[in-house]
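Asker: Give me a 3D structure for the following:
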Amino acid sequence: MSPTATYAGTAPDRLMLIDGKLCASVGDGWLTAIDPSNENVLGRVPEATAEDVELAVAAADRAAPAWAATPALERGRLVRELARRALERADELLELEVRDTGNTRRRMVRDVTMATDLLEYFAGLALETKGETIPSTATGLHLSVREPYGVVGRILAFNHPFYFAASRLAAPLVAGNTVVLKPSEEAPLSTTVLAELCAEVFPPGVVNIVTGTGLVAGAALVRHPRVKRLTFIGSVPTGRAIQRQAAESSVKHVSLELGGKNPMIVFGDADPEKVATAAVAGMNFGHQGQSCGSTSRLLLHEDLYDDVLARVVEKVTALRLGDPTRDDTDMGPLNNARHLQNVKSHIAAAEQDGARLVTGGRRPGGAQFERGFWLQPTVFADVTPDMRLFRSEVFGPVLAVSRWSDDDDLLAVANGVDYGLTASIWTDDLNRALVTARAVQAGYVWINGNSSHFPGTSFGGRKESGTGTEEGLDELLSFTEVKTINIVLPAQLS
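Answerer: Numbering: from 1, shown residues only. Modelled structure (predicted):
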């Protein structure tokens with residue numbers, strides 16, 4: 001919190017949800033939410049302690065047997081009801097999201113509807129947690145059933161707070177688990193509205209939402225022995241730390257959606273204007289590039305390099321920075337001061353390594369940008385694989401443009417990073433596109449497209465980008481454990 005911040009009153013003291021009750025922290029601590037566009041105080045949320053997390057997990061543990069015994073269709077009906085009530089408060093959610101994150105209004109409208117779409121999608125899969133029969137012997141009956149884990153812990157990132165919080169409740173709840181959810185302390189406000197909705201819809205203890213820091217509330221949730229299923233969305237270093245901490249307390253099933261340094265691979269037969277438009281869209285500048293799936297490495301065939309680069313620079317330079325609540329704003333501020341400094345350090349490293357800064361990279365001028373966490377959208381050209389910008393995730397509005405000429409070397413260059421989340425391939429040659437899609441080391445691939453997620457298609461990464469997938473049937477099944485039952489029958493009926 002800035003010592004000179006002024007109170008804007010958008011979201012005064014809000015509450016978290018434990019055992020069906022909206023509450024403050026037992027320690028009476030509070031976290032301050034800051035408007036990243038001007039550093040004004042938006043409101044406060046409880047700073048959950050380890051004791052609060054213990055209460056939340058205990059409530060979820062008590063509620064788990066009855067929730068698992070609730071008919072699957074009824075669980076789906078309640079998840080669908082949550083979607084309906086969220087849409088009723090969409091305007092309020094949108095206002096909080098934009099103010100708390102700095103993301104533009106135009107982009108955040110989609111986050112609310114995408115979240116409710118996924119709630120509806122998983123509600124419709126309520127009867128799909130099915131087992132199977134196996135003809136292992138001629139006389140016996142061998143079958144499997146899927147059972148919920150019990151208490152699921154979900155820890156979320158700051159860039160899409162309501163979308164992550166609401167949509168990631170769906171699969172574990174439909175599968176019969178109870179949930180303890182912790183949003184990022186950097187953008188917690190909309191999740192408190194979700195807490196209010198869940199208190200209205202679900203029995204006490206089925207959903208618990210604790211707001212707090214990762215070092216205290218997050219660590220307590222990760223280490224709790226009653227939490228057997230754990231998921232995290234965020235950075236690679238934090239994901240690794242969570243794996244270590246989880247293993248110290250008990251054996252857990254951990255899923256991670258982590259970072260990306262995602263390639264947009266452009267062949268020489270692609271249309272330059274379409275490629276340039278897609279390159280800008282794929283950077284998610286409406287979220288300030290703060291999106292793990294952003295195609296932040298633009299790999300251009302040398303035949304198109306100069307043409308596409310010029311078009312990209314023209315489009316990026318034309319982006320309108322400003323108040324993220326305005327419908328005509330293309331890019332707002334970064335989420336917080338610490339993250340802004342981190343992004344600026346990546347820009348400095350790129351310049352030191354010899355990358356050519358062609359636009360942006362500095363704080364915009366003007367009175368409205370004197371306060372807040374502002375940075376111009378940035379493009380570096382002539383980025384080579386030995387440079388840090390080519391290999392490191394920035395998680396900000398910084399596009400690295402590289403040239404290639406040899407098809408044989410292309411995949412080695414595209415795959416030559418530690419990440420493997422998304423990839424985008426641009427060509428009119430379908431055979432070439434499919435061969436490249438199979439060879440690229442990424443979990444989610446677009447051909448002549450990028451950025452969009454499609455309900456029902458599993459999203460997840462390879463290598464350091466994570467474990468497991470989300471947004472599809474595989475996510476639902478991942479919140480169940482398989483039990484095999486063998487019925488031994490007599491060889492002959494008596």
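
Asker: C-alpha only now, for contacts and for neighbours.
Answerer: Will do.

Asker: Name the SS class of A278, please.
Answerer: Using DSSP: H, G, I helix; E, B strand; the rest coil, the structure places A278 in helix.

Asker: just T384 next, same as before
Answerer: Secondary structure assignment for T384 (three-state DSSP): coil.

Asker: Verify the stated contact: it with S402.
Answerer: Yes: using C-alpha atoms under 8 Å, T384 makes contact with S402 at a distance of 6.3 Å.

Asker: Mind checking which of the two has more residues around it?
Answerer: S402 (23 against 19; other C-alpha atoms under 10 Å).

Asker: for the more buried one, helix, strand, or coil?
Answerer: Per three-state DSSP, S402 ends up strand.

Asker: Against V266, how distant is it?
Answerer: Applying C-alpha to C-alpha, to the nearest Å, the value for S402 to V266 is 10 Å.

Asker: Can you work out which residues contact both of these two?
Answerer: Residues touching both S402 and V266 (C-alpha atoms under 8 Å, 6 or more residues apart in numbering) are 298-300.

Asker: Would you reformat the residues you listed as TSV and include secondary structure?
Answerer: Conversion of the shared contacts of S402 and V266 to TSV gives the following (three-state DSSP):
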residue	secondary structure
L298	strand
L299	strand
L300	strand
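
Asker: which of the residues you listed tops the neighbour count?
Answerer: Each of the shared contacts of S402 and V266 was scored by neighbours using other C-alpha under 10 Å; the highest score is L298's, at 29 neighbours.

Asker: Could you check how far S424 is from K315?
Answerer: The value you get for S424 to K315, if C-alpha to C-alpha is used, is 19 Å.

Asker: Show me which of the two is the more surrounded one.
Answerer: The residue with more neighbours, out of S424 and K315, is S424; 30 against 14, by other C-alpha under 10 Å.

Asker: roughly how far apart are the more buried one and F459?
Answerer: According to C-alpha to C-alpha, S424 stands 14 Å off from F459.

Asker: Can you show me the strands along the stretch 1-150 of the chain?
Answerer: Along the stretch 1-150 of the chain, counting by DSSP state E, counting those that start in this stretch, strands occupy 16-18, 21-23, 30-34, 41-46, 133-134, 141-148.

Asker: Using PDB, list the CA coordinates for stretch 139-147.
Answerer: The C-alpha coordinates for stretch 139-147 follow below in PDB (Å, rounded to 0.1, in the frame of the first residue of the first chain):
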ATOM      1  CA  THR A 139     -16.100 -66.200 -14.100                       C
ATOM      2  CA  GLY A 140     -15.400 -63.000 -12.100                       C
ATOM      3  CA  LEU A 141     -16.700 -59.500 -12.400                       C
ATOM      4  CA  HIS A 142     -14.100 -56.800 -12.300                       C
ATOM      5  CA  LEU A 143     -15.100 -53.200 -12.200                       C
ATOM      6  CA  SER A 144     -13.900 -49.700 -11.300                       C
ATOM      7  CA  VAL A 145     -15.600 -46.800  -9.700                       C
ATOM      8  CA  ARG A 146     -14.400 -43.200  -9.400                       C
ATOM      9  CA  GLU A 147     -14.500 -41.500  -5.900                       C
END
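
Asker: Averaged pLDDT, that stretch. What do you get?
Answerer: On average, the pLDDT along stretch 139-147 is 96.

Asker: Buried residues in it, which are they?
Answerer: By 16 or more other C-alpha atoms under 10 Å, the buried positions in stretch 139-147 come out as 142-144, 146-147.

Asker: Dump the residues you listed into JSON lines; add distance to E393 as well.
Answerer: Converted to JSON lines, those look like this (distance: C-alpha to C-alpha, whole Å):
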{"residue": "H142", "distance to E393": "48"}
{"residue": "L143", "distance to E393": "45"}
{"residue": "S144", "distance to E393": "42"}
{"residue": "R146", "distance to E393": "38"}
{"residue": "E147", "distance to E393": "38"}
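
Asker: if I read this right, V417 contacts K261, doesn't it?
Answerer: Yes: contact criterion C-alpha under 8 Å: V417 and K261 qualify, at 7.4 Å.
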